[in-house]
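> Based on what follows, work out the 3D shape:
(chains A and B)
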Number of protein chains: 2
Amino acid sequence: MSKSNNPIRFGIIGCAVIARKVSRAINLAPNATLYAIGSRSIEKAKKFAADNGFCETVKMYGSYNEVLDDPCVDAVYVPLPTSLHVQWAVMAAEKKKHVLLEKPTALNLADLEHILKACDSNGVQFMDGTMWLHHPRTAKMREMLSDAQLFGQLKSMYSSSTFSETLEFFENNIRVKPDLDALGALGDTGWYCIGAILWAANYKLPNTVMALPAANLNAAGVILACGCSFHWAGEDSKVATFHCSFLSHESMDLALYGSNGSLHLKDFIIPYQESSASFDFVSGAKFKELHIGWNLKPTKVQVFLELPQETLMVQEFARLVNIIKNSAGHPDSKWPEISRKTQLVMDAVKKSIELGFKPIDL
Amino acid sequence: MSKSNNPIRFGIIGCAVIARKVSRAINLAPNATLYAIGSRSIEKAKKFAADNGFCETVKMYGSYNEVLDDPCVDAVYVPLPTSLHVQWAVMAAEKKKHVLLEKPTALNLADLEHILKACDSNGVQFMDGTMWLHHPRTAKMREMLSDAQLFGQLKSMYSSSTFSETLEFFENNIRVKPDLDALGALGDTGWYCIGAILWAANYKLPNTVMALPAANLNAAGVILACGCSFHWAGEDSKVATFHCSFLSHESMDLALYGSNGSLHLKDFIIPYQESSASFDFVSGAKFKELHIGWNLKPTKVQVFLELPQETLMVQEFARLVNIIKNSAGHPDSKWPEISRKTQLVMDAVKKSIELGFKPIDL
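Residues are numbered from 1 along each chain as shown, chains lettered A, B, ... in the order given. Below you'll find the model as predicted:
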């Protein structure tokens, strides 16, 4: 992929596993380049660079601060444990670095608002690392869901995001440690369910959030599995439920039911393959005479890609940064607002669990 | 299809739309024959027989009682509105007729227990009209779910059963009338969701049933749409949710998530077509290196049929009746017990809705 003349220069702070995927995405994005990597020690940074075959020109730093202090770094990607997000994302913004922040964005809405305020007052772009929103399949789904004839009014939604982990994970992984990723499965996989449900509802917040008995917590109180229901009142009333877990086999389901049609997919977060992706859609299904079958089956709607979804995310982020950097533009509020609503709903889910599955009014 | 020497002779009381499907099933079943049809007037019975091309030998009666008094009738199929089930099913049992009762079996568990007691004390077989349980696909799913390596421990479940109706339906259909089918969508489509979840849980009752905000009721208080969550506590803990509705496009989804695999189908109640049916199954799915795709996709498991599922239901019912009639056997308790548990859980869902979505302990 040939690079544009002035690609946005990324620094990465932290050598998390996910940073391997995103560094590849930065390398593949035509308008971005990987400029620096910072870890808590220079040895870690060097090992990460070697393991991932980084270009020799990528700068290596033995601290996060050095990345933020490098005047050539335009933007930072922050894949640190969630508990460290507020500290480092705020510092990055204060050093005028645009912030691509891994999800969940923060431990709670107050922390995220602190981050967003810092980005806003420093004029830097914010985006969280939710990749599937940038997949062209997502745009195609939106197009079909918006068709009042084909899909009609959205009535109910379901999402499941789960994976099954080893004993080693439950003992050692940061995602089950209260001082690192205290939100556990809710923050990790539940983020996607909440995000997908809000996306489908055109980011209208539900009126009521009620977690479902019973959540599965580890001894330290970190969520290993939980579920929740949402209700939107009024003319356009609808409902949703989700289940997220570290205790079930891999799943990434999204099912949306409208008055005239329905949409299903089982790989919404990470598509089965990179080059193409699909979803099932059906509209106007009825029973045949005597109810001995259906008049039609769902159709597989396929979408092809030239760049992987995470590269499209980096490309979109770099596009917005470029407008600010080179055309005196302002940060786009769309992406921080999506993050804010997702985090707000996540806070409500957590509160409902803490209150013993009581309904929370938003 | 050639008939056995002494087919079980069915009477049908009531000319509901569903009776057309079941009369066809009786005609197709090798061990059953349609013997009599009773309606509130002889004209209705005659019209129903003519409309459905019944054999001229089928007796026609202008009352339900005449069917029950005919000594040649072995078994009755009861497709009457739910509010009439207890009266007519009990009377049928008292007249020593085996009872195939349309679902929902009763307005509440007390009524169903009245029916089951009458069947038990009169030595007649009881079965409800849930057809999908008799499909060979259901047996194949059970086989794969029971495989501890392939599927592992059942962790979560989701079911949706919905259809979208016309204004005419909401004004006139018996399924939204409080004096006829007071359970509305919960009794009609929710019956299947509850049944599927109990089936998947091997009929172990959940510890907690909690309906989800908010149920949609019509002016007369009949449920048009609702959802519910279930929780099983202990070593083998698991959760489930369902959504049932008269307000959404056709859906019949069942998704089951285990520790090692998952199973999905979108036509579990009425398969897309009669001659074959399938479900999606995947086990051991993992992400590829860098999490840029999956190592494998779900496989379509296909099952072929010689007889439609409703015919298999009639055949199984007639087989049990034949054992009692010709081999001095006793009624099989499996089917009434499945009905009883389904109705018991349905009662709890309704109670939770009435209490404002409070958890109900079973």
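> From now on I want contacts and neighbour counts done on CA atoms only, so please keep to that.
Fine.
> Quick check, central residue of chain A?
Nearest residue to the geometric centre of chain A (Cα atoms, centre = their mean): residue A:130, 2.3 Å.
> Figure out the helix or strand that the closest residue to it other than its chain neighbours lives in.
Closest residue to residue A:130 apart from its sequence neighbours, by Cα to Cα, 6 or more residues apart in numbering or on different chains: residue A:103 at 6.7 Å. Residue A:103 belongs to no helix or strand when assigned by DSSP states H and E.
> I'd say residue A:344 and residue A:111 touch.
No: if you go by Cα atoms under 8 Å, residue A:344 and residue A:111 don't touch, sitting 10.9 Å apart.
> got the contact list for the residue lying farthest from the centre of chain A?
Distance from the centre of chain A peaks at residue A:290, with 45.3 Å (Cα atoms, centre = their mean). Residues near residue A:290 by Cα atoms under 8 Å, 6 or more residues apart in numbering or on different chains: B:17-18, B:20-21.
> Make JSON lines out of these and add distance to residue B:264.
Shown next, in JSON lines, are the contacts of residue A:290 (distance: Cα to Cα, whole Å):
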{"residue": "B:17", "distance to residue B:264": "30"}
{"residue": "B:18", "distance to residue B:264": "27"}
{"residue": "B:20", "distance to residue B:264": "30"}
{"residue": "B:21", "distance to residue B:264": "26"}
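> Relative to chain A, which of the residues you listed is nearest.
Set against chain A, the nearest of those by Cα to the nearest Cα is residue B:21 (5.4 Å).
> looking at this, the closest one is in a helix?
Yes: the assignment for residue B:21 is a helix, going by DSSP: H, G, I helix; E, B strand; the rest coil.
> thinking it is in contact with residue A:289, fair?
No: judged on Cα under 8 Å, residue B:21 makes no contact with residue A:289 at a distance of 9.2 Å.
> higher neighbour count, those two?
A side-by-side neighbour count of residue B:21 and residue A:289, using other Cα atoms under 10 Å in any protein chain shown, places residue B:21 first with 17 against 10.
> Skipping its backbone neighbours, what lies nearest that one in space?
Nearest non-adjacent residue to residue B:21 (Cα to Cα, 6+ apart): residue A:290, at 5.4 Å.
> Now do that neighbour against residue B:160, distance only.
22 Å (Cα to Cα, to the nearest Å).
> same check, this time on residue A:141
Residue A:141 sits 20 Å away from residue B:160, taking Cα to Cα as the criterion.
> Can you pick out the residue with more neighbours from those two?
Taking other Cα under 10 Å, residue A:141 and residue B:160 do not tie; residue B:160 has more neighbours (29 against 18).
> quick one: that one from residue A:43, how far?
For residue B:160, the distance to residue A:43 - Cα to Cα - is 53 Å.
> Repeat that for residue A:259.
58 Å.
> So which of these two has more stuff around it?
Neighbour tally, residue A:259 and residue A:43, criterion other Cα under 10 Å: the higher count belongs to residue A:259, 25 against 13.
> residues in contact with the closest residue to chain B within the stretch 1-150 of chain A?
Among all residues of the stretch 1-150 of chain A, residue A:21 sits closest to chain B, at 5.5 Å; criterion: Cα to the nearest Cα. When contacts are counted by Cα under 8 Å, 6+ apart, residue A:21 touches A:310, B:290-292.
> who wins for most neighbours among those residues?
residue A:310 (26 neighbours).
> and that residue, what element?
helix A:309-327.
> Show me which residues of that helix are buried.
A:309-322, A:324-325 (16 or more other Cα atoms under 10 Å in any protein chain shown).
> quick one: it near chain B?
No: no part of helix A:309-327 sits near chain B under the criterion Cα under 8 Å from any Cα of the partner chain; the closest distance found is 9.1 Å.
> so whatever helix or strand comes next after that helix versus helix A:309-327, what angle?
Using DSSP H and E, the helix or strand that follows helix A:309-327 towards the C-terminus is helix A:334-354. Following axes from the mean of the first three to the mean of the last three Cα atoms, to 10 degrees, one obtains 130 degrees for the angle between helix A:334-354 and helix A:309-327.
> Which elements pack onto helix A:334-354?
helix A:109-121, strand A:126-128, helix A:191-200, strand A:208-217, strand A:360-361 (3 or more Cα pairs under 8 Å, 6 or more residues apart in numbering or on different chains; DSSP states H and E).
> got a markdown table for these, with mean pLDDT and distance to chain B too?
Formatted as a markdown table, these follow (pLDDT from 0 to 100; distance: least, Cα to the nearest Cα, whole Å):
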| stretch | mean pLDDT | distance to chain B |
| --- | --- | --- |
| helix A:109-121 | 98 | 24 |
| strand A:126-128 | 98 | 18 |
| helix A:191-200 | 98 | 14 |
| strand A:208-217 | 96 | 6 |
| strand A:360-361 | 98 | 11 |
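> Show me which residues of the stretch 1-150 of chain A sit near chain B.
A:17-18, A:20-21.
> Format those as CSV; extra columns: distance to residue A:85.
Compiled in CSV, those are given as follows (distance: Cα to Cα, whole Å):
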residue, distance to residue A:85
A:17, 16
A:18, 15
A:20, 18
A:21, 19
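> Just the buried ones among these, please.
Buried among the residues of the stretch 1-150 of chain A next to chain B by 16+ other Cα under 10 Å: A:20-21.
> what's the farthest-apart pair in the residues of the stretch 1-150 of chain A next to chain B?
A:17 and A:21 (7.5 Å; Cα to Cα).
> got any ranges where chain A has weak pLDDT?
Counting by pLDDT under 70, chain A has low-confidence residues at A:1.
> per-domain residue ranges of it.
By the assignment in automatic domain parsing, chain A contains the domains A:8-132+A:309-332, A:135-307+A:343-361.
> And these: which comes nearest residue B:251?
Across those, closest to residue B:251 is domain A:135-307+A:343-361 (Cα to Cα), at 7.8 Å.
> burial count for residue A:235?
6.
> From residue A:122, how far off is it?
From residue A:235 over to residue A:122 (counting by Cα to Cα), the distance is 40 Å.
> ok, now residue A:11?
According to Cα to Cα, residue A:11 and residue A:122 sit 18 Å apart.
> ok, now residue A:287?
Taken as Cα to Cα, the span from residue A:287 to residue A:122 is 58 Å.
> which one of these two has more residues nearby?
Neighbours per residue (other Cα under 10 Å) separate residue A:287 from residue A:122, with residue A:122 holding more: 18 against 15.
> Go ahead and confirm the more buried one touches residue A:90.
No: Residue A:122 lies out of contact with residue A:90 (Cα under 8 Å); the separation is 9.8 Å.
> can you pull out the strands in the stretch 51-200 of chain A?
A:59-61, A:75-78, A:98-101, A:126-128, A:154-164 (DSSP state E, counting those that start in this stretch).
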